[in-house]
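Enquirer: Next come a sequence and a model predicted from it.
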Amino acid sequence: MKAAVLKAIEDLEIKKIPTPHPSPEEILIKVKACSICGTDIKVYHHGHKHMRFPRVTGHELSGEIVELGRKVNGYKIGERVAVAPAIPCGRCFYCRRGMQSMCLNLSAIGYHYDGGFAEFMVIPEDAVHNGCVNSIPPNLSFEEAALAEPLACAINGQELSKISLGDTVVVVGGGPLGCIHLQLARAKGAGKIILIELSPQRIEFIKKKFTQPDVIINPSLEDGIKRVLEETEGRGADKIIVACSSGRAQEDSLQMVSPRGIVNFFGGLPLDEPFIKFNSNLVHYREFYVVGTHGSAPYHNQLALSLLSQGKVKVKELISHRLPLEKLEEGLHLAESQKGMKILIMS
């Protein structure tokens, strides 16, 4: 089969490798769509502590089952499936308490196991046993199903942020995850949604493709903190999702959240600049909460497919490029330059 093999940092080769075969408790799928994620870009440039070269990366994916291990039940050949890439063990302290994304033995497709930038992919035993393989609803395409994974992460983030009816929600960052957060907050009944985004191109994209946020702020043209406070009669926003990798955005969010509100640092910071200036007196006197989100659990993936099927969140509009496997490196550069939104590698 053809696969994109990352042999070392920034050393990617499209080559023929043996087609894998599943063990008795594994599943083999033919990959139909695999989306490029920001993490794929980081891994390409810097590797990952849990990954050994050579590795096939790619973890936002969907496909069709072509072979079942002899002990696998509940699935059938030809079934269309989406795969949750973060694999909990199901046995540790956190898994037993329902916090699978905090699994002490968490493994992941694209890091510990070969991922979706290939014609075929084996789904590991723990993934099969712990709910990571989900049937795609009939009205969803493979493309949409591949994007259930980023939506699952957004669901986890908004659960941790406790977004609810009537909230004023600020989303910082209008990239693909920001667009998903905007729609999800609307579906959860947010009363007012405010987008903060620097790029005029992304602002125009959102205006054309989605139900507009109630307020759009470009902080290069006006004071974002001041404007959020004006929009909330001086109280600040109930919930803030920082969906970008910006320390400045994280710092600013602490000044625009309401008393007893919640700030979610959804976008991770670069490894060489992970620290921000944090005025702890703001937390002390206003009693707000700061949480983070780094992934999702398998049940979030199931919820994501359901929301997509119901049309509550739309992701097809986010797809800006569809490329063959041979152009994966081009796709990585496109995504890194922010010239596209979601870039899909199609088999």
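Expert: Great, that's in hand.
Enquirer: quick one: contacts of the helix or strand containing residue 262?
Expert: Residue 262 belongs to strand 257-265 when assigned by DSSP states H and E. With contact meaning Cβ atoms under 8 Å, 6 or more residues apart in numbering, strand 257-265 is reached by 157, 160-162, 168, 232, 235-242, 250, 253-254, 286-293. The way it works is simple: take the backbone N, C-alpha and C, and place the C-beta from them, glycine included.
Enquirer: and what of stretch 151-168?
Expert: 84, 101, 169, 177, 180-181, 184-185, 188-194, 231-232, 237-239, 241, 258, 262, 264, 266, 291-293, 295-297, 300-301, 303-304, 307-308, 313, 315.
Enquirer: Emit the ChimeraX select command for whichever of the residues you listed are buried.
Expert: Provided next is the ChimeraX selection string for whichever of the contacts of stretch 151-168 are buried by 16 or more other Cβ atoms under 10 Å:
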select :84,101,169,177,180,181,184,185,188,190,192,193,194,231,232,237,238,239,241,258,262,264,266,293,295,296,297,300,301,303,304,307,308,313,315
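Enquirer: before we move on, back to that, show only the entries of the contacts of strand 257-265 found in helices.
Expert: Secondary structure assignment (DSSP state H) places 157, 160, 161, 250, 253, 286 from the contacts of strand 257-265 within helices.
Enquirer: what about the third one, how many neighbours?
Expert: What it means is residue 161. Neighbour count of residue 161, defined by other Cβ atoms under 10 Å: 25.
Enquirer: Please apply the same query to the second one.
Expert: Neighbours of residue 160 under the rule other Cβ under 10 Å: 16.
Enquirer: Return the per-residue confidence for it.
Expert: Residue 160 is assigned 98 on the pLDDT scale.
Enquirer: follow-up on the earlier one: direction included, what does the strand holding residue 262 pair against?
Expert: If you go by DSSP bridges, strand 257-265 pairs up with strand 237-242 (parallel), strand 289-292 (parallel).
Enquirer: Adding distance to residue 25 and mean pLDDT, write those strands out as CSV.
Expert: Shown next, in CSV, are those (distance: least, Cβ to Cβ, whole Å; pLDDT from 0 to 100):
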stretch, distance to residue 25, mean pLDDT
strand 237-242, 38, 98
strand 289-292, 34, 98
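Enquirer: looking at these, which is closest to residue 333?
Expert: Ranking the strands paired with strand 257-265 by proximity to residue 333 (Cβ to Cβ) places strand 237-242 first, at 25.4 Å.
Enquirer: mind checking how far the closest one is from the chain centre?
Expert: Strand 237-242 has its C-alpha centroid displaced from the chain centroid by 18 Å (Cα atoms, centre = their mean, to the nearest Å).
Enquirer: Using PDB, list the CA coordinates for that strand.
Expert: Output in PDB follows, covering the C-alpha atoms of strand 237-242 (Å, rounded to 0.1, in the frame of the first residue of the first chain):
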ATOM      1  CA  ALA A 237     -18.000  37.400  29.300                       C
ATOM      2  CA  ASP A 238     -19.400  34.400  31.100                       C
ATOM      3  CA  LYS A 239     -17.200  32.000  29.200                       C
ATOM      4  CA  ILE A 240     -14.100  32.500  27.000                       C
ATOM      5  CA  ILE A 241     -12.600  29.900  24.700                       C
ATOM      6  CA  VAL A 242      -9.000  30.800  23.600                       C
END
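Enquirer: contacting residues around it?
Expert: With Cβ under 8 Å, 6+ apart as the criterion, strand 237-242 contacts 157-158, 161-163, 167-173, 178, 181, 185, 190, 194, 228, 249-250, 253, 256-258, 261-267.
Enquirer: again, 6 Å this time
Expert: Strand 237-242 is contacted from outside by 161, 163, 167-172, 181, 228, 249-250, 253, 256-258, 261-267, using Cβ atoms under 6 Å, 6 or more residues apart in numbering.
Enquirer: again, but for stretch 208-219
Expert: 182, 192, 193, 194, 195, 196, 203, 224, 227, 231, 317.
Enquirer: The stretch 51-200 of the chain: helices as residue ranges?
Expert: Taking DSSP state H, counting those that start in this stretch, the helices of the stretch 51-200 of the chain run over residues 125-129, 142-146, 148-161, 176-187, 200-209.
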